[in-house]
Structures are given as C-alpha cells and as structure tokens.
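Colleague: missing the sequence, but the structure's below:
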C-alpha cells in the first residue's frame, strides 16, 4: 500500500524542481519516470488494487488526472472494456494493436480524443461526471499556468502531452501486437533489468490472466505461472 500509493512522489518533485531552475534536459528522465509510475498507480486504481478505500482510490485517480492531463476515469472506462472485449471491435483501447509501430505512434492524439468521446457516449452517469470534473480541473489549471506564464509548469504540460500521445504505442501496441490469434495471451517480459527499468509494467500476460493482482506482485505471479505452465509460449514485449 505504501509503495504503490507513493511511488510517483519523488519523481514529480525532482522533475518539477529541476524544471523550476531551468534544467529542462536533466528534468526529462525524471518526468518520464513520473509518467510511468503515475500510469502504474492509476492502472492499479482501475482494478481497485491500491489497497485503499473507495474515496482514496478515487482521489488518486483525480490527482493523477490533473497531473497527467487526461481524465483517468475515461481511461479506466476504456481499460475495463479492453479486458472484457480484448482486441475485438468493441475494444477501443486496443485499436492500435493492429497498426504498424509508427502508425500506433501517429494514432496517439486521435486515441486521446477517442477515449473521452467513447466514455461520454457509452459510460454511465458516474463515469461522465468524473470525466467532466477531471477535464474542467485540467482546463482551469492549464489556463492559470499559461496566463501567469509559469514556465516550469508549462514544461510539465508539454512533457505530459507527449507522454499521452505515445500511450497507444507503449501501453497498447508493445504488449498486444501480433497476438490477435490468441488475444488472451498478451506479451510479457522476463528480463530482470528491463522490468526494473519499466517498473514491472510489462508483465502484461500476467495482468490479463489475473487483473486484480497489483503490479508489485506481478513478479511473484510470473514465477508461479512459469512453474505451473512451463510449456506456455510467452512473447517478449521488447
């Protein structure tokens, strides 16, 4: 609980501090790791795996929405559908899995718009209300930042938008390309250093088999699956 709910804090503090003193190049890797850890945090929140109560999970999603410049409740709605309709026509999150790698990158801005549109059209009242609250909060914050010309926060906005535009490549294409024959068997990663570098976010086969398992336990789950099903084919993420 302590790790998953506080994983983003050092990365955002260091990146913002470096940006404040105009060390933008030095801030970039810390911003990237903030985005990655925030993605891990909200992903656990989608599956109620943060080990906190309902309100604190909601608060985590709301705060990360403002920091990442996207409605995480819109992302959640499409992600839950992704698990239900994995790589089928109704899986809007998984659309980029059939594209080329460069097509998935170019599709990023369209995907960012589409997940909000789909949530508004198909989501229930709670999803719509949460999405509106998050989007209004983002617009207010971004407007204030640009109005007062807070340059180190403008840097943060630009980097987060780039991260969101690359989501369809890193969070969808890398883990699902060439798996349409058996969409339930997503790609995974067994390289120790690669999993450390990516904060265990590429244990995707394991995640699809057991979505409620928190990210911090996916290494243990992967070991159990390897022992129980050594003959299972596992495609590497990268």
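Modeller: That came in fine, so what should we check first? Predicted, not measured: the structure shown is a model, and the values here were computed from it.
Colleague: and the helix or strand encompassing residue 57, what does it pack against?
Modeller: Element membership for residue 57, per DSSP states H and E: helix 54-68. Counting by 3 or more Cβ pairs under 8 Å, 6 or more residues apart in numbering; DSSP states H and E, the packing neighbours recorded for helix 54-68 are helix 24-46, helix 72-84, helix 125-147, helix 151-165. All C-beta atoms are positioned from the backbone trio N, CA, C, and that covers glycine.
Colleague: in a markdown table: those, plus mean neighbour count and distance to residue 60.
Modeller: Output for those, formatted as a markdown table (neighbours: other Cβ atoms under 10 Å; distance: least, Cβ to Cβ, whole Å):
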| stretch | mean neighbour count | distance to residue 60 |
| --- | --- | --- |
| helix 24-46 | 20 | 5 |
| helix 72-84 | 22 | 9 |
| helix 125-147 | 15 | 12 |
| helix 151-165 | 17 | 17 |
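Colleague: distance to residue 235 for these - can I get that in CSV?
Modeller: Shown next, in CSV, are those (distance: least, Cβ to Cβ, whole Å):
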stretch, distance to residue 235
helix 24-46, 20
helix 72-84, 18
helix 125-147, 32
helix 151-165, 25
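Colleague: okay if I get those helices as TSV plus mean pLDDT and distance to residue 212?
Modeller: Below are the helices and strands packed on helix 54-68 laid out as TSV (pLDDT from 0 to 100; distance: least, Cβ to Cβ, whole Å):
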stretch	mean pLDDT	distance to residue 212
helix 24-46	98	10
helix 72-84	98	11
helix 125-147	98	20
helix 151-165	98	26
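Colleague: would you mind getting the angle between the helix or strand that residue 111 is a member of and helix 151-165?
Modeller: According to DSSP H and E, residue 111 maps onto helix 108-122. Counting by axes from the mean of the first three to the mean of the last three Cα atoms, to 10 degrees, helix 108-122 points 80 degrees away from the direction of helix 151-165.
Colleague: what residues does helix 108-122 touch?
Modeller: Applying Cβ atoms under 8 Å, 6 or more residues apart in numbering, the contact partners of helix 108-122 are 70-71, 73-75, 77-78, 92-93, 95-96, 127-128, 131, 135, 164-169.
Colleague: what is the burial count for residue 19?
Modeller: Neighbourhood size, residue 19 [other Cβ atoms under 10 Å]: 22.
Colleague: which residue is the nearest non-sequential neighbour of it?
Modeller: residue 152 (3.8 Å; Cβ to Cβ, 6 or more residues apart in numbering).
Colleague: who's in contact with the one you found?
Modeller: Contacts of residue 152 by Cβ under 8 Å, 6+ apart are 16, 19-20, 22.
Colleague: output those residues as a markdown table; include the columns distance to residue 144.
Modeller: Output for the contacts of residue 152, formatted as a markdown table (distance: Cβ to Cβ, whole Å):
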| residue | distance to residue 144 |
| --- | --- |
| 16 | 16 |
| 19 | 17 |
| 20 | 17 |
| 22 | 20 |
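Colleague: now the residues you listed: which count as buried?
Modeller: Buried members of the contacts of residue 152, counted by 16 or more other Cβ atoms under 10 Å: 16, 19.
Colleague: now the two most distant members of the contacts of residue 152.
Modeller: 16 and 22 (12.1 Å; Cβ to Cβ).
Colleague: need phi/psi at residue 180.
Modeller: phi -70, psi -20 (degrees, to the nearest 10).
Colleague: relative to residue 99, how far out is it?
Modeller: 12 Å (Cβ to Cβ, to the nearest Å).
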